[in-house]
Each structure stands twice: as C-alpha cells, then as structure tokens.
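Participant: Sequence plus the predicted model coming up.
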Amino acid sequence: MRFLLMPIRSNKQGVQINVGKDGADYNAVVNTMQAHPDDLKELGAASGATIRVRTDVGEATFQVVEAKVSRGMLFVPYGPPTCQLYGGDTDGTGMPTSKGWEVEVEVVSREPQASAKEPQ
C-alpha cells in the first residue's frame with residue numbers, strides 16, 4: 001500500500017535527545033511509526049507489527065502503532081531510520097525535503113512486537 005510519510009519532531013523525542021541517542025528509549029521513539037487504525041486493518045497488521053517503508057531513495061523498518069492520525073498518512077519522529085528514506089537535496093534550506101513523500105509499505109511481521117510503544 002502507498003501512504004504519505006510525515007516525519008515529525010515530538011516532545012518525547014526531544015527529551016530523549018537530551019538524555020542521549022544511544023539508549024533504548026530513544027531508539028524505540030524513532031523506530032515507532034503511527035498510523036490510522038483503519039489503515040492497519042487494510043494492511044492486515046496489528047498495532048505493534050513491523051513494516052518496511054520504501055521511497056525512491058531507500059528503505060527502513062519500523063514498528064507501527066495505532067494513533068489518532070489522518071487516514072493514508074504515516075507519522076514518525078525524525079531519527080536514523082527516517083534518514084534512510086530521503087536524499088540529500090535541501091533546496092538551499094539545509095534540511096532535506098522529508099514531508100509529504102509518497103511511500104510504499106510492506107508488512108514484515110503482522111503481530112505485535114514486544115518493544116512496541118504506544119504514542120504519547
């Protein structure tokens with residue numbers, strides 16, 4: 001299925017950056033993607049499942065959880081996995097274009113994984 005990718009900054013991500021990027025809490029935040037419950041149903045995946053997200057530039061694997069987000073959109077905090085999805089073109093801004101990218105999603109594991117964290 002295809003979705004629009006919306007990398008974001010989150011409060012929890014900001015706190016974890018100050019604590020350190022090498023910890024399990026930070027990695028859980030930046031590796032957890034949020035999706036609408038109906039989109040998860042269409043994918044045939046439970047909240048906490050593992051998905052692979054592909055762009056023209058690269059791919060990354062995330063755990064996906066149900067959230068109050070718009071249908072057809074995926075939200076994830078910026079982090080090392082999102083950096084694998086977009087290229088280096090910044091259009092002179094210093095920040096690569098990363099919002100509103102159409103991405104292809106493939107379910108890797110349909111069942112919840114032990115480390116999936118619900119969005120906060």
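Facilitator: Right, received. Where do you want to start?
Participant: okay, now the closest residue to residue 80 other than its chain neighbours: neighbour count?
Facilitator: Leaving out its chain neighbours, the residue that sits closest to residue 80 by CB to CB, 6 or more residues apart in numbering is residue 30, at 6.6 Å. Quick note: C-beta positions are derived from backbone N, CA and C, even for glycine. Neighbour count for residue 30, taken as other CB atoms under 10 Å: 23.
Participant: Which helix or which strand is home to residue 25?
Facilitator: helix 24-30 (DSSP states H and E).
Participant: List of residues touching the helix or strand just after that helix?
Facilitator: Downstream of helix 24-30, the first helix or strand assigned by DSSP H and E is strand 32-35. Outside strand 32-35, the residues within contact range by CB atoms under 8 Å, 6 or more residues apart in numbering are 3, 43, 51, 53, 62-67, 69, 73-77, 116-117, 119.
Participant: Go through strand 32-35 and flag the buried ones.
Facilitator: Neighbour-count burial for strand 32-35, counted by 16 or more other CB atoms under 10 Å, picks out 32-35.
Participant: For the residue lying farthest from the centre of the chain, give me the pLDDT.
Facilitator: In the chain, counting by CA atoms, centre = their mean, residue 92 sits farthest out from the average C-alpha position, at 25.1 Å. pLDDT recorded at residue 92 is 84.
Participant: Next, it: phi, psi?
Facilitator: Main-chain dihedrals, residue 92, degrees, to the nearest 10: phi 80, psi 10.
Participant: Pull up the gap between it and residue 101, please.
Facilitator: Distance from residue 92 to residue 101, counting by CB to CB, to the nearest Å: 19 Å.
Participant: now do residue 80
Facilitator: Applying CB to CB to residue 80 and residue 101 gives a distance of 17 Å.
Participant: Contact partners for residue 43?
Facilitator: 1, 35, 49, 51, 105, 107.
Participant: From residue 98, how far off is it?
Facilitator: 22 Å.
Participant: before we move on, what about residue 52?
Facilitator: Where residue 98 is concerned, residue 52 sits at a distance of 18 Å (CB to CB).
Participant: beta partners of residue 109?
Facilitator: residue 50 (DSSP bridges).
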